[in-house]
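Peer 1: Okay, sequence plus prediction incoming.
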Amino acid sequence: MHFRRLTAPALLLAALLANAGARADAAPAPSTAACTIDAPFVPPHILWMGRFGYQATITINAGQVGNVEVAPVRGGVDDQTNRVLEDALVAHVKAHYHCAGDHKYAQTFVFDLEHDIPPLMADLAPELKAHREAVLAWEHANASAPAPTTPDPRNWIADICPKTDKPTLPLAVGGHGVVRIHVLFDVRDGSIGLIDARLKQGSPDFATDQMFIDAVLAAVRNGYHCTGTHLLEQDFQFHQD
């Protein structure tokens with residue numbers, strides 16, 4: 001597990017929950033004159049974080065959006081999550097695309113999903129912001145070079161949280177591969193406040209992914225004894241045998 005300390009000025013909990021940490025960018029369609037779009041795509045809440053891409057084939061019949069077929073570009077996401085995102089994209093196109101004539105064209109949607117509490121993300125220490133940006137750039141480029149190094153966390157965890165229980169899964173988990181979970185949480189006067197956990201890499205089974213996230217959240221919420229007021233993030237990695 002990797003643990004990093006972040007600076008934390010006063011945070012307003014109500015403001016944290018009122019924002020969505022997602023940015024959606026749709027690549028321009030070949031027939032941009034055929035349709036006007038009256039609202040951007042807002043991705044639904046899912047267990048995952050990172051960059052997502054979907055290819056949509058849109059059919060326009062007599063000015064009406066007809067069939068919309070959506071397929072994922074990114075692999076590795078469980079089928080249930082893919083269905084949620086695909087259904088949301090189809091609903092978005094049918095509700096917000098206003099077209100004319102008869103057309104059929106392809107459009108690529110690319111969006112980045114972060115934690116649902118962006119004010120916490122804005123309070124990251126500058127050196128950790130720079131590191132996070134370097135890691136994201138490396139991941140998006142599919143670089144073969146070693147990933148950017150992470151600041152050594154060993155002194156911070158001993159100072160801030162002298163007791164940290166490891167996540168305990170309620171039963172044996174089948175399957176193979178690696179599950180990576182990123183957790184962002186704040187400590188206020190020694191008490192754990194907001195926590196948000198997202199998958200960076202997961203199982204193809206939604207229930208298994210949810211089990212890992214629940215175990216991590218329970219460990220941080222109930223098993224971490226910390227002091228002071230801090231903004232913290234931690235990476236958990238599990239190997240399925």
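Peer 2: Received it, and whenever you're ready, just let me know what you need.

Peer 1: could you pull out the strands for the protein?
Peer 2: Assigned by DSSP state E, the strands in the chain fall at 2-6, 22-26, 35-37, 50-61, 64-72, 97-99, 103-113, 163-164, 177-188, 191-201, 224-225, 230-240.

Peer 1: How about T36, nearest residue that isn't a chain neighbour?
Peer 2: Residue nearest to T36 in three dimensions, not counting chain neighbours: H98, with 5.0 Å by C-beta to C-beta, 6 or more residues apart in numbering. Just so you know, the C-beta spots here come from the backbone N, C-alpha and C atoms, and that holds for glycine as well.

Peer 1: Contact partners for A71?
Peer 2: Contacts for A71 (C-beta atoms under 8 Å, 6 or more residues apart in numbering) come out as Y54, Q55, E86.

Peer 1: Buried subset of these as a PyMOL selection?
Peer 2: Only the buried entries of the contacts of A71 go into this PyMOL selection, using 16 or more other C-beta atoms under 10 Å:
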select buried, resi 54+86
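
Peer 1: quick one on the thing from earlier: distance to M211 and mean pLDDT added to the strands of the chain, as TSV?
Peer 2: Output for these, formatted as TSV (distance: least, C-beta to C-beta, whole Å; pLDDT from 0 to 100):
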stretch	distance to M211	mean pLDDT
strand 2-6	21	47
strand 22-26	24	45
strand 35-37	38	87
strand 50-61	20	92
strand 64-72	23	93
strand 97-99	38	90
strand 103-113	21	89
strand 163-164	20	89
strand 177-188	10	87
strand 191-201	12	90
strand 224-225	20	92
strand 230-240	10	84
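
Peer 1: Let me know which of the ones you listed is the nearest to A134.
Peer 2: strand 2-6 (13.8 Å; C-beta to C-beta).

Peer 1: what number of residues lie near the nearest residue to F206 once chain neighbours are set aside?
Peer 2: Take F206 and drop its neighbours on the chain: the residue closest to it by C-beta to C-beta, 6+ apart is Q80, 3.9 Å away. Other residues within reach of Q80, judged by other C-beta atoms under 10 Å, total 15.

Peer 1: was I right about Q80 contacting S203?
Peer 2: No: if you go by C-beta atoms under 8 Å, Q80 and S203 don't touch, sitting 11.2 Å apart.

Peer 1: mind listing what R221 touches?
Peer 2: R221 neighbours (C-beta under 8 Å, 6+ apart): I192, I195.

Peer 1: Quick check, pLDDT for it.
Peer 2: pLDDT, R221: 93.

Peer 1: I'd like to know how far it sits from H92.
Peer 2: 34 Å (C-beta to C-beta, to the nearest Å).

Peer 1: Please apply the same query to P72.
Peer 2: 16 Å.

Peer 1: Mind checking which of the two has more residues around it?
Peer 2: Legend: neighbour count by other C-beta under 10 Å for P72 and H92, higher for H92 (21 against 16).

Peer 1: The more buried one against D38, yeah?
Peer 2: No: H92 sits out of contact with D38 when judged by C-beta under 8 Å, with a separation of 10.7 Å.

Peer 1: In contact with the closest residue to L89 other than its chain neighbours: list those residues for me.
Peer 2: Distance criterion C-beta to C-beta, 6+ apart; nearest residue to L89, sequence neighbours excluded, is V70 at 5.0 Å. Contact analysis of V70 by C-beta under 8 Å, 6+ apart lists Y54, Q55, A56, T57, E86, L89, V90.
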